[in-house]
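S.K.: Can you look at this prediction? I've put the sequence above it.
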Amino acid sequence: MIKYNLICKCGNTFESWFSSSSEFDFLCKKKLMKCIYCESSAVKKTVMAPNLYSKSNKVFKKTKLEKKIKKQLLDFRKYIEKNCKNVGENFTREARSIHYDKTTSQSIYGKATAEETAELLEEGIEVTTIPWVDKSEN
Ligand SMILES: [Zn+2]
């Protein structure tokens, strides 16, 4: 369904729903599209953008889902920040020292390149790459 804002030569504007833009064109051609005020068929679409009604509502759902995922990732980030120590750029070194030091069971987080991460995994050090969402966005 498409809603058009229509304007008549008499100056009045009104809204009307059509199943498609071709339905509107058809009604105009047949002079069946009449002004609700003066019954003239000199009715045109105004330049105003039509509202679009989509049955699937795909676009809307996607946005909602993205927001939901983002919120979960943000919660996850908050959890990590609260429970783990930020070692920043020293992540690779710190991860190694914790792994080989049996007395420590600390959890850390920080930055590592893909190669560094691969090296750690090869050594049997369990590291996980997580999507780090930016808090400032939205
Ligand atoms: Zn009119």
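M.R.: Now that the structure is in, tell me what you want to look at. Residues are numbered from 1 along each chain as shown.
S.K.: SS state for the residue most central in space within the chain?
M.R.: In the chain, the C-alpha closest to the average C-alpha coordinate belongs to residue 63, at a distance of 3.5 Å (C-alpha atoms, centre = their mean). At residue 63, secondary structure determined by DSSP: H, G, I helix; E, B strand; the rest coil is helix.
S.K.: how much space is there between it and the ion?
M.R.: 39 Å (C-beta to the ion, to the nearest Å). (Each C-beta comes from the backbone N, C-alpha and C, glycine too.)
S.K.: Check that residue and give its pLDDT.
M.R.: pLDDT, residue 63: 74.
S.K.: what does residue 132 give?
M.R.: Looking at residue 132, the pLDDT reads 75.
S.K.: That one contacts residue 76, doesn't it?
M.R.: No - counting by C-beta atoms under 8 Å, residue 132 does not reach residue 76; the two are 9.4 Å apart.
S.K.: what's the weakest-modelled helix or strand in this protein?
M.R.: Between all helices and strands in the chain, the lowest mean by mean pLDDT, DSSP states H and E belongs to strand 51-52, at a mean of 52.
S.K.: The residue nearest to the centre of the chain and residue 69, how far apart?
M.R.: Distance of residue 63 to residue 69, given as C-beta to C-beta, to the nearest Å: 11 Å.
S.K.: next one: residue 119
M.R.: Remark: distance between residue 119 and residue 69 (C-beta to C-beta) = 30 Å.
S.K.: Comparing these two, which residue is more hemmed in?
M.R.: Higher neighbour count among residue 119 and residue 69: residue 119, with 16 against 12, using other C-beta atoms under 10 Å.
S.K.: mind checking the SS state of the more buried one?
M.R.: Under three-state DSSP, residue 119 falls in the helix class.
S.K.: any low-confidence regions in the chain?
M.R.: 47-62, 136-138 (pLDDT under 70).
S.K.: what residues are up against the nearest residue to residue 8 once chain neighbours are set aside?
M.R.: Of all residues not flanking residue 8 in the chain, residue 35 sits nearest, at 3.7 Å (C-beta to C-beta, 6 or more residues apart in numbering). The contact partners of residue 35, by C-beta atoms under 8 Å, 6 or more residues apart in numbering, come to 6, 8-10, 12, 14, 41-43.
S.K.: Cool, thanks, signing off.
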